[in-house]
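# Let me see the structure of the following:
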Amino acid sequence: MIRQMSLCRRLLVNNRREVPKVCGFLPRQLYLCQYDVAHWSLHSPVIFRMFSSTKVMKEEKDLPLTKAKGQEGKILAFDSVEEVLNAASSEFSVNSFNLLLKRLIELHSTDPKLPAYGFVNDARFIRITDTLAENTSNLSSFVLIDCLHSLLQLSKEDSYVINKLEKQIKAKLLRLSFSQLLRVVEMHRASCDTSLRRLMLEEAMVILEKRWAEIKRAKDLVSAYYLAPNEKDKLLSNLEEKALDLSELMSAKDIYRFLYLMAKRNRRNAPVMRSLIYHLNRSTLSLSLTHLANLSYACAKLSIYDPMLLGKIVTEVLQCGEGDAFSMISLSSILHSFGLLRWCDTNLMDAAVEKFSARGVSLPVDCWVTLLMTAGSVNYLPPSLQKKLPALIGWLGELQESDPRLWLNLVWSVATLSVVDESLFSSVLSDNFMRSTKEVHTSKDLVAAYFKLLNVNALAKHCLPGYNGHLLSHSTIEDIVKEMPPPYHGALSDCLLDTLSNMANLGKYARTKVKTPAGFFMDAVLVINSSAELQPAKALADFSFSTVDLPHDLHKIAVQLLEFGDMTCGMSTQPTGRCALEAKLMATVGYKVIQIPFSEFNMTMTVAQRVLYLSAKLKEALKSSEQGGQSLLLKQLEAELETNLTRSNKNLATTPESKAIDKPSQLKSKTSVNSEKSKKSSEHLAKLSIKDILHDPQP
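Model prediction:
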């Protein structure tokens, strides 16, 4: 009895997947009962015979499988569909039919002259399928799945043999290995044209939801995460938890694929991301350029700002050769992802210009537009690109008619890089281009396109003296401004408003979230006089976004809050191209712009610290304004001095030398006097206290 029990345990461990073929029990139930002594003592003779027969049956089934492996070389030697069909029914066993069906599909796909699977109605092929239908019960799970996969590709309708195979696989779903179960799900997911196949897919997914804990391999985990539908939120969460357990065993390719799938599903599981990125940074990132593009996409979509990971991506890209056009498209995708992340890497940008230039006119125009958009996003124009920019824009001019969306992005990106061109701006501000913009953009993207048009219109109006090109009409601007969505109110924005309210009465001395016809909102607008006193906001009652200045003793202050999304990352931390463009427009119409980056102004500071910080910024703005006035005066005096020197040189022959030098010396003394006055004014401003700056004038 004891010897029989020990033998049964060994047979159970070795053959637990074959047990249901004999007794109909679930494998998990038998496996959990192997240590139940009472159960084994009552039924040991029966179970001993049962397992003995199972072992014999398994050995008998392995013989044809071994024979089929030996026939694989012969099957692969066939060069035509006719040879396979002639030899199939006479020379090969049923266990090698899966290889025959695969070879039929391969040979048929390589010959474009053959009709689409015309051999399906051939009498020889029908004999193969009839033989297969008669022997489905004797086939292993591997051969069953292989044959069904091939037949599903050959026909969109369910035949008798397909029904037989589906029924046999359905009976074995619980006993299939996890890899085989994934394959059943995958092939039915790719071919679910009939109700039978859809029903099989649903049942296989139910089994997959129950057996996800059995995953031991990283490849199975990635496949299961790929096959799971978006509606199965619980299954996706369980698979993400499994990724935490298997992250140490996952290779760099497996990690990148899992991150890419998370990005495609828009699932940002922070613990899983941190674990996967940690192990990815510890491994060698030996990926192709296409894989690097997918990994960059995942970083951009999931907002992964990891310096080590992004640095490794750049290193791998720089080590790649020039490659073909497809490689350049992958590089363009990497640039686009880095632009969305606002990650500034000058080495990557310079290398991209060199690689794109080497391809010449054979490079798709989208790649150049993506490069310019990324340069505008990170506010960096590569020196080598700056030299080629005029010729490049001329070559890309065809986009104005063929693709208005790309052309608008190109013009706006060039504008953010402080490159002003009258013909460029005029090309996107015409009525015809406005109509084309409405046609090519969706309702969601149209708002962003309108904002870009307003930016370009303001640049052409205020930054190009003597501009004679197209401009948006006043009614068009009003219609766009009315449709502008409400401004963003984040925690840091509310913190700024709270700080301003502690400095002065907001309703009286400040205007917040000011909507401008230039296509953006100003966070706050203040007016301060020359004595550093806040003035009531009624001074801005009739104010419009134009170059008309306030009285000489008043200063317009624009507060620009730079949150994390408004600053670049990577090698440099500066305002993005969009924020730099907004600051330039505000300065052009007479504002003193105060930029408040999130790294200096945050919610962890006390109210007093925030008030002191803003007060120092106001002092700095007034000081720069005073210095700007001094520099302007000095420039005027220097110009006058140069004019007089020229005149004196002309009259040197007829005028005494002392008289020629008299005026320049007077001008120099005048310059020194004005410098002395401005110095005293600056010293007086520096002595102003915070109380003076925040002085609330009486009505």
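
# Give the buried residues for stretch 593-608.
Neighbour-count burial for stretch 593-608 flags 593-598, 601 (criterion: 16 or more other C-beta atoms under 10 Å). C-beta here means a position set from N, CA and C on the backbone, and glycine is covered the same way.

# how far does it sit from the chain's center?
Put simply, stretch 593-608 sits 29 Å off its chain's centre (C-alpha atoms, centre = their mean, to the nearest Å).

# And for stretch 411-423?
In terms of C-alpha atoms, centre = their mean, the centre of stretch 411-423 is found 25 Å from the chain centre.

# thought V428 was touching V456?
Yes - the pair formed by V428 and V456 meets the contact definition of C-beta atoms under 8 Å, at 5.9 Å.

# any residues in contact with both of the two?
Common neighbours of V428 and V456, using C-beta atoms under 8 Å, 6 or more residues apart in numbering, are V411.

# and the buried residues of stretch 593-608 as a markdown table, adding distance to K623 and pLDDT?
Putting the buried residues of stretch 593-608 into a markdown table (distance: C-beta to C-beta, whole Å; pLDDT from 0 to 100) gives the following:
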| residue | distance to K623 | pLDDT |
| --- | --- | --- |
| V593 | 14 | 92 |
| I594 | 12 | 93 |
| Q595 | 15 | 94 |
| I596 | 17 | 94 |
| P597 | 19 | 94 |
| F598 | 24 | 92 |
| F601 | 19 | 92 |
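
# Widest-spaced pair of the residues you listed?
The largest distance within the buried residues of stretch 593-608, taken as C-beta to C-beta, falls between V593 and F598 and amounts to 16.5 Å.

# The host helix or strand of V84: which residues count as buried?
If you go by DSSP states H and E, V84 is part of helix 81-91. Across helix 81-91, burial judged by 16+ other C-beta under 10 Å covers 81, 84-85, 88.

# From those residues, pick the one nearest S436.
Closest to S436, out of all of the buried residues of helix 81-91 and judged by C-beta to C-beta, is V81, at 52.1 Å.

# Quick check: that closest one vs R103, distance?
9 Å (C-beta to C-beta, to the nearest Å).

# Check R435 too.
Using C-beta to C-beta, R435 is found at 57 Å from R103.

# Settle it for me: which of these two has more neighbours?
More neighbours surround R103 than the other of R435 and R103, with 20 against 10 (other C-beta atoms under 10 Å).

# any idea of the pLDDT on the residue nearest to S223 when sequence neighbours are not counted?
Spatial nearest neighbour of S223, chain neighbours left out: L182 (4.9 Å); criterion: C-beta to C-beta, 6 or more residues apart in numbering. At L182, the model reports a pLDDT of 95.

# tell me which strands and helices whatever helix or strand L182 lives in is in contact with?
Assigned by DSSP H and E, L182 belongs to helix 178-190. Counting contacts by 3 or more C-beta pairs under 8 Å, 6 or more residues apart in numbering; DSSP states H and E, helix 178-190 packs against helix 141-154, helix 195-210, helix 218-227.

# Any regions of the stretch 501-650 of the chain where pLDDT drops low?
532, 537-550, 625-650 (pLDDT under 70).

# cool, and the chain?
Within the chain, the ranges that satisfy pLDDT under 70 run 1-71, 89-91, 112-117, 321-325, 532, 537-550, 625-699.

# Enumerate every residue touching the most centrally placed residue in it.
Closest to where the C-alpha atoms of the chain average out (C-alpha atoms, centre = their mean) is A300, at 3.1 Å. Going by C-beta under 8 Å, 6+ apart, A300 touches 336-338, 340-341.

# quick one: the strands in this structure?
343-344, 511-515, 521-529, 554-562, 569-570, 591-597 (DSSP state E).

# Format the CA atom coordinates belonging to the helix holding V84 as PDB.
Extracted in PDB, the C-alpha atoms of helix 81-91 (Å, rounded to 0.1, in the frame of the first residue of the first chain):
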ATOM      1  CA  VAL A  81       1.200  23.900 -53.300                       C
ATOM      2  CA  GLU A  82       0.700  20.900 -55.700                       C
ATOM      3  CA  GLU A  83       3.500  18.900 -54.200                       C
ATOM      4  CA  VAL A  84       2.100  19.400 -50.700                       C
ATOM      5  CA  LEU A  85      -1.400  18.400 -51.700                       C
ATOM      6  CA  ASN A  86      -0.200  15.300 -53.600                       C
ATOM      7  CA  ALA A  87       1.900  14.000 -50.800                       C
ATOM      8  CA  ALA A  88      -0.200  15.000 -47.900                       C
ATOM      9  CA  SER A  89      -2.700  12.200 -47.600                       C
ATOM     10  CA  SER A  90      -0.400   9.400 -48.600                       C
ATOM     11  CA  GLU A  91       3.000  10.100 -47.000                       C
END
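
# Summarise which helices and strands it is packed against.
When contacts are defined as 3+ C-beta pairs under 8 Å, 6+ apart, helix 81-91 packs onto helix 97-110, helix 123-134.

# got the buried residues for stretch 235-251?
235-236, 238-240, 242-243, 246-247, 250.

# Pretty sure S150 sits against R103.
No - the criterion here is C-beta under 8 Å, and S150 misses it with R103 at 9.6 Å.

# got a list of contacts for stretch 589-605?
With C-beta under 8 Å, 6+ apart, stretch 589-605 has contacts from 462, 491-492, 495-496, 525, 545-550, 555-564, 566-567, 573, 575, 579, 583, 586-587, 610, 613-614, 617-618, 620-622, 624-625.

# can you do 7 Å?
Outside stretch 589-605, the residues that touch it by C-beta atoms under 7 Å, 6 or more residues apart in numbering are 462, 491-492, 495, 545-547, 549, 555-564, 567, 575, 583, 586-587, 610, 613, 617, 621, 625.

# For the stretch 251-400 of the chain, which segments count as helices?
252-265, 270-282, 289-301, 307-319, 325-341, 346-359, 365-378, 383-395, 399-402 (DSSP state H, counting those that start in this stretch).

# Equivalent analysis for the stretch 451-600 of the chain, please.
For the stretch 451-600 of the chain, the helices defined by DSSP H, counting those that start in this stretch occupy 474-482, 491-503, 506-509, 577-588.

# ranking the ones you listed by burial, who's on top?
Highest mean neighbour count among the helices of the stretch 451-600 of the chain (mean count of other C-beta atoms under 10 Å): helix 577-588, with a mean of 21.

# Next, the angle strand 554-562 makes with it.
180 degrees (axes from the mean of the first three to the mean of the last three C-alpha atoms, to 10 degrees).

# Could you check how far helix 577-588 is from the centre of its chain?
Using C-alpha atoms, centre = their mean, the offset of helix 577-588 from its chain centre is 26 Å.

# cool, and stretch 524-532?
Averaging C-alpha positions (C-alpha atoms, centre = their mean) puts stretch 524-532 42 Å from its chain's average.

# ok so, going back, switch the helices of the stretch 451-600 of the chain over to TSV, and while doing so, append distance to T194 to every line.
Putting the helices of the stretch 451-600 of the chain into TSV (distance: least, C-beta to C-beta, whole Å) gives the following:
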stretch	distance to T194
helix 474-482	52
helix 491-503	54
helix 506-509	67
helix 577-588	52
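
# Distance check, F601 against A352.
Here F601 is placed at a distance of 34 Å from A352 (C-beta to C-beta).

# How about A218?
With distances taken as C-beta to C-beta, A218 is found 33 Å from A352.

# Pull up the gap between Y380 and S413, please.
As judged by C-beta to C-beta, Y380 and S413 stand 12 Å apart.

# cool, V161 as well?
Distance from V161 to S413, by C-beta to C-beta: 59 Å.

# same check, this time on E166
55 Å.

# Likewise for V527?
V527 is 34 Å from S413, by C-beta to C-beta.

# residue contacts, the residue lying closest to R183 once chain neighbours are set aside?
Excluding the flanking residues, the one nearest R183 by C-beta to C-beta, 6+ apart is I145, at 5.7 Å. Residues near I145 by C-beta under 7 Å, 6+ apart: 169, 180, 183-184.
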